[in-house]
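Enquirer: using only what follows, build the 3D model:
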Amino acid sequence: NTTIVLQRFLFILILSLCVDLRDLQQDRSSGISTLTGLFGFNKSKFILLILCTCLGTLSFQASVDNPTEAYRTLHTLSAALLMLTILLLRHDTQPSTYTLMFDGHLVAFSLALVLTIQS
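Expert: Got it, this is the predicted structure:
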């Protein structure tokens, strides 16, 4: 299913860019070029919010009249939570906080997915 592939691509892209955002200062001081280094913190955060909106919209539209609505709805809620998490990021957010926020999101999403599939 193309929709599922696109959802997963956007999800992984968002998480990857969040990791790059976490490492932004270290990458700059090391001379490593990344997309977040090119755009800077605020523009990268804005791009991430747009990507989350795309992910959430795609997930929501996919859940309409779908027999696997709970599965799709979980993806929509995941995108919304990811967007909220990104909104909470600041220039001075500690790297360990990024790890807790985004790894925590992955763990929570995985557990919810397992519960959704089993019910």
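Enquirer: pLDDT weak spots in this structure?
Expert: Scanning the chain for pLDDT under 70 picks out the ranges 63-67, 119.
Enquirer: quick one, helices of it?
Expert: The residue ranges that make up the helices of the chain, judged by DSSP state H, are 2-22, 24-30, 35-39, 41-63, 69-87, 95-118.
Enquirer: from the contact counts, what lies against the fifth one?
Expert: So that's helix 69-87. Judged by 3 or more CB pairs under 8 Å, 6 or more residues apart in numbering; DSSP states H and E, the packing partners of helix 69-87 are helix 2-22, helix 41-63, helix 95-118. The C-beta positions use only the backbone N, C-alpha and C, and glycine is treated the same way.
Enquirer: and that helix, how far out from the chain middle?
Expert: Here helix 69-87 shows a centroid-to-chain-centroid distance of 9 Å under the convention CA atoms, centre = their mean, to the nearest Å.
Enquirer: what sits up against it?
Expert: For helix 69-87, the external contacting residues (CB atoms under 8 Å, 6 or more residues apart in numbering) are 7, 11, 14, 18, 45, 48-49, 52-53, 55-56, 59-60, 62-63, 66, 101-102, 105, 108-109, 112-113, 116-117, 119.
Enquirer: in ChimeraX, select just the buried ones from the residues you listed.
Expert: With 16 or more other CB atoms under 10 Å as the burial test, the buried ones among the contacts of helix 69-87 are selected in ChimeraX as follows:
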select :7,11,14,18,45,48,52,55,56,59,60,62,63,101,102,105,109
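Enquirer: re earlier: for the helices and strands packed on helix 69-87, give me CSV that also has distance to A80.
Expert: Listed next are these as CSV, based on distance: least, CB to CB, whole Å:
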stretch, distance to A80
helix 2-22, 12
helix 41-63, 6
helix 95-118, 11
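Enquirer: out of these, nearest to T34?
Expert: For those, proximity to T34 was assessed by CB to CB; helix 2-22 is nearest, at 4.6 Å.
Enquirer: mind listing residues that contact that closest one?
Expert: The list of residues contacting helix 2-22 from outside it, by CB under 8 Å, 6+ apart, reads 27, 34-37, 41, 44-45, 47-48, 51-52, 54-55, 58-59, 62, 75, 78-79, 82, 86, 89, 93, 95, 98-99, 102, 106.
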